[in-house]
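Asks: I need the structure of the sequence given here:
(one chain, ligands or ions: 2)
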Amino acid sequence: MRASRLFVSTMREVPAEAEIISHKLMLRAGMIHKEAAGIYTYLPLAWRSMKKIMQIIREEMDAAGGQELFMSTAHPAEIWQQSGRWQVYGAELWRLQDRHGRDFCLAPTHEEMITLNVKNIARSYRQLPQLLYQIQTKFRDERRPRFGLMRGREFIMKDLYSFDRDEAGLDASYQAMYQAYSNIFHRCGLRFRPVEADSGAIGGKGSHEFMALAESGEAEILYCTSCDYAASSEIAATPPQGTGSGEELKEVEDVYTPDCITVEDVANFLGVTPDRVVKTMCYQADDRLVLVLIRGDRQINEIKLKNILDCFELQFAPDEAIRAAGLVPGYLGPVGVKEIKIIADSEVPLMVNHECGGGRESHHFLNINPGRDYQIDLVDDIRLVRGGEPCPHCGKALAMARGIEVGQVFKLHTKYSKVLGARYADENGQEKDMVMGCYGIGVGRTMAAVIEQNHDDGGIIWPMAVAPYQVIVIPVNDRDPELMTLAEKLYQELLRQKIEAVLDDRPERPGVKFNDADLLGYPFRVTIGKKAKEEQLLELKERATGEVRFLPFTETVEFLKQVTGNK
Ligand code: ATP
Ligand code: MG
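Replies: Ligands and ions are numbered 1, 2, ... in the order given. Here you go, the predicted structure:
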């Protein structure tokens, strides 16, 4: 490709809308064009990189026994109604109607459709297992599309679905995919970590997320520095720790606590530490209210809470709803509450003589004891674990890091096969539910994660495997015919060797060409300048290390054949 023909327009300025580096660099390098919030055109440079990522994915999926197919994007509502997800998926499901007024959605994922396809074809144990995948556009009407390709509303995903005879088969498929995912992200040049994860709207039990480590990541990872425990903060759990254990139960006191709204206010006012206070919150789960109790210095993990409540929508109850239930916002507490269900984090029953809201304006109770002074309807782990807490496996302190979820693997078991009737006849002719798994990778998000991890002030530093082009050839003076002839000769030779080269033939100053080369992140740059004329030496510079070597023509080609893997 000649730079003069390349369909790209680079930008020096950082576009205001971009918050994170990969988004800024993709815009500056002319890789993407925004069409609407969370909806992008992939321009040629981005598309070349994405095609390489997709190729790596295909190779690893095929090697693990996958077969590629391509399902439709528009799904009739009926199949989603059959699984119950027409309702469960909520506002994220992009719904539309055809000219006859029939409901459809643009698929955010394909469990329903693939299950119905497999149900139609596979009837006998002889036809299982099946590993079927596609690389296809998904739609999710995200609440906050942002960070460029990281969280789009329209994005490309690889999704594979496994169908096995039994749990042992699922374990094998899951393991094969887990390994394939590790291979894929490794080949893409990512530093990543698989972590235990929540299953979210996909459902099922047993899941790992593959997290590319990056400060800008939206996900939090808790990991142990002395054993191999690692989990997403969505599910991380550590043993409960109470307060005041061993103390004698004291008399309840009702104290006047004006203007004490937050736990800190109360703790300061009463002269105790926040871990002695029980924080009470009122949530609205679909159309019912629940009171939720947690130790004052902890945070609620709303993903855990939502899973326990098994609801579609979870939010803080508005003040009017709290008042209508006879409670006082700001001074909520469990004592005397009868009509509303009380859910407590596992630490609360272990708290002796705790303080809490008094249930009336400007009042708190001291020395409250669960069981004696109030009853809890449901105790479960609803706590958000933070760094420094003990590892659930070995007890050492957990560390926290941020990550970008580039892929996720799920064990679905029989969640979809049961409701959609995907059954097979076993060796004895007995009907059984197929046992399923599903496995997704975001292609655009993976590319964005690669940039998050590989850049400097000058721009992108592409790992060779996913670079849009491998080498740029820069003649420093486009009006010097001798240099131009040599550059052209090298360019042609590189193409002949199947090396993906760009010749910067633009009538620009060398500084402009160098800056663009850095911004676009070519792994290698060959500069053809004075030394080429005087000593027949070409300057070869590696983008990642900045290392420069001077080599004669033939050695330059040989070297580039080696580093691009085209030997
Ligand atoms: P998140 O928690 O980030 O919303 P998710 O868990 O809902 O993602 P999955 O259903 O596991 O996503 O989808 C599989 C993969 O698809 C993700 O690991 C991610 O790489 C990609 N992906 C999901 N949502 C988006 C999105 N809105 N934009 C780009 N890629 C996405
Ligand atoms: Mg996920």
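Asks: from here on, contacts and neighbour counts on C-alpha atoms
Replies: Fine.
Asks: Get me the contact residues on the protein for ligand 1.
Replies: Selection of the chain residues close to ligand 1 by C-alpha under 6 Å from any ligand atom yields 149-153, 155, 157, 405-408, 440-442, 445.
Asks: pLDDT on stretch 550-557, on average?
Replies: For stretch 550-557, the mean per-residue pLDDT is 97.
Asks: returning to that earlier point: which of the residues of the chain next to ligand 1 sit farthest apart?
Replies: 153 and 408 (18.1 Å; C-alpha to C-alpha).
Asks: among the residues of the chain next to ligand 1, who's most crowded?
Replies: Ranked by neighbour count (other C-alpha atoms under 10 Å), the residues of the chain next to ligand 1 have residue 149 at the top, with 28 neighbours.
Asks: Checking my notes, that residue in a strand, right?
Replies: No. Remark: residue 149 does not belong to a strand; assigned using DSSP: H, G, I helix; E, B strand; the rest coil, it is coil.
Asks: contacting residues for it?
Replies: Shown in contact with residue 149 (C-alpha atoms under 8 Å, 6 or more residues apart in numbering): 23, 38, 40, 155, 444-445, 448.
Asks: for residue 245, same thing?
Replies: Contact analysis of residue 245 by C-alpha under 8 Å, 6+ apart lists 350-352.
Asks: cool, and residue 98?
Replies: Contact analysis of residue 98 by C-alpha under 8 Å, 6+ apart lists residue 104.
Asks: and the gap between it and ligand 1?
Replies: 25 Å (C-alpha to the nearest ligand atom, to the nearest Å).
Asks: Just confirm residue 2 contacts residue 502, I think it does.
Replies: Yes. Counting by C-alpha atoms under 8 Å, residue 502 is a contact partner of residue 2 at 5.5 Å.
Asks: So those two - more neighbours on which side?
Replies: Set side by side, residue 2 and residue 502 show more neighbours around residue 502, with 24 against 14, by other C-alpha under 10 Å.
Asks: Please enumerate residues in contact with the host helix or strand of that one?
Replies: Using DSSP states H and E, residue 502 sits in strand 501-503. Contacts to strand 501-503, defined as C-alpha under 8 Å, 6+ apart, come from residues 1-3, 469-474, 487-488, 491, 494-495.
Asks: Out of these, flag the one nearest to ligand 1.
Replies: Distance ranking of the contacts of strand 501-503 against ligand 1, using C-alpha to the nearest ligand atom, places residue 469 first at 23.7 Å.
Asks: Without its sequence neighbours, what residue ends up closest to residue 305?
Replies: residue 382 (5.6 Å; C-alpha to C-alpha, 6 or more residues apart in numbering).
Asks: Can you give me the distance of that neighbour to residue 484?
Replies: 67 Å (C-alpha to C-alpha, to the nearest Å).
Asks: Domain-wise, how is this structure divided?
Replies: 21-236+400-451, 253-380, 469-564 (automatic domain parsing).
Asks: How far does the last one sit from its chain's centre?
Replies: Looking back up the chat, that one is domain 469-564. In terms of C-alpha atoms, centre = their mean, to the nearest Å, the gap separating the centre of domain 469-564 from the centre of its chain is 37 Å.
Asks: When residue 382 and residue 484 are compared, which one has more neighbours?
Replies: residue 382 (27 against 20).
Asks: Model confidence for that one, exactly?
Replies: We have a pLDDT of 97 for residue 382.
Asks: check contacts around it.
Replies: When contacts are counted by C-alpha under 8 Å, 6+ apart, residue 382 touches 300-302, 304-305, 344-346.
Asks: Report the buried members of those residues.
Replies: 300-301, 304-305, 344-346 (16 or more other C-alpha atoms under 10 Å).
Asks: Which of the domains of the chain sits closest to residue 13?
Replies: That would be domain 21-236+400-451 among those, by C-alpha to C-alpha, at 7.3 Å.
Asks: Give me the mean pLDDT for the closest one.
Replies: Rounded mean pLDDT across domain 21-236+400-451 is 96.
Asks: got a list of what residue 473 touches?
Replies: Applying C-alpha under 8 Å, 6+ apart, the residues near residue 473 are 487, 490-491, 501-504, 525-528.
Asks: Could you work out the most separated pair of the residues you listed?
Replies: Greatest spacing in the contacts of residue 473, by C-alpha to C-alpha: 501 and 528 (14.3 Å).
Asks: Enumerate every residue touching residue 110.
Replies: residue 159.
Asks: out of the buried ones among the contacts of residue 382, which are inside helices?
Replies: Among the buried ones among the contacts of residue 382, the members found in helices (DSSP state H) are 304-305.
Asks: rewinding a little: how about a markdown table for the contacts of residue 473, with pLDDT and distance to residue 245 added?
Replies: Formatted as a markdown table, the contacts of residue 473 follow (pLDDT from 0 to 100; distance: C-alpha to C-alpha, whole Å):
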| residue | pLDDT | distance to residue 245 |
| --- | --- | --- |
| 487 | 96 | 78 |
| 490 | 97 | 77 |
| 491 | 98 | 76 |
| 501 | 98 | 70 |
| 502 | 98 | 70 |
| 503 | 98 | 73 |
| 504 | 97 | 73 |
| 525 | 98 | 67 |
| 526 | 98 | 70 |
| 527 | 97 | 72 |
| 528 | 96 | 76 |
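Asks: and these as TSV, adding distance to residue 53?
Replies: Converted to TSV, the contacts of residue 473 look like this (distance: C-alpha to C-alpha, whole Å):
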residue	distance to residue 53
487	30
490	28
491	25
501	19
502	20
503	24
504	26
525	22
526	25
527	29
528	31
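Asks: most neighbours, which of those?
Replies: residue 504 (28 neighbours).
Asks: shouldn't it be in contact with residue 471?
Replies: No. Counting by C-alpha under 8 Å, residue 504 stays clear of residue 471, with 10.5 Å between them.
Asks: what's near enough to touch the nearest residue to residue 240 once chain neighbours are set aside?
Replies: Closest residue to residue 240 apart from its sequence neighbours, by C-alpha to C-alpha, 6+ apart: residue 347 at 5.0 Å. By C-alpha under 8 Å, 6+ apart, residue 347 lies in contact with 240-242, 294-295.
Asks: ok, back up a step: can you list contacts of the next helix or strand after the strand holding residue 502?
Replies: The first helix or strand that comes after strand 501-503 along the chain, using DSSP H and E, is helix 510-520. Defining contact as C-alpha under 8 Å, 6+ apart, one finds that helix 510-520 is touched by 10, 25, 28-29, 458-461, 472, 474-477, 504, 525, 543.
Asks: now do stretch 356-373
Replies: For stretch 356-373, the surrounding residues in contact (C-alpha under 8 Å, 6+ apart) are 249-260, 277-280, 327-328, 330-335, 348-349, 351-355, 376.
Asks: now swap in stretch 416-435 and tell me
Replies: 82-83, 111-112, 115-116, 118-119, 122-125, 162-167, 169-170, 412-414, 436.
Asks: ok, now with 7 Å
Replies: For stretch 416-435, the surrounding residues in contact (C-alpha atoms under 7 Å, 6 or more residues apart in numbering) are 82-83, 115-116, 119, 122-125, 163-167, 170, 413-414.
Asks: Columns distance to residue 60 on top of the buried ones among the contacts of residue 382, output as CSV?
Replies: CSV is the format used below for those (distance: C-alpha to C-alpha, whole Å):
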residue, distance to residue 60
300, 39
301, 35
304, 33
305, 37
344, 45
345, 42
346, 43
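Asks: secondary structure class for residue 544?
Replies: coil.
Asks: list the contacts for it?
Replies: When contacts are counted by C-alpha under 7 Å, 6+ apart, residue 544 is found next to 461, 523.
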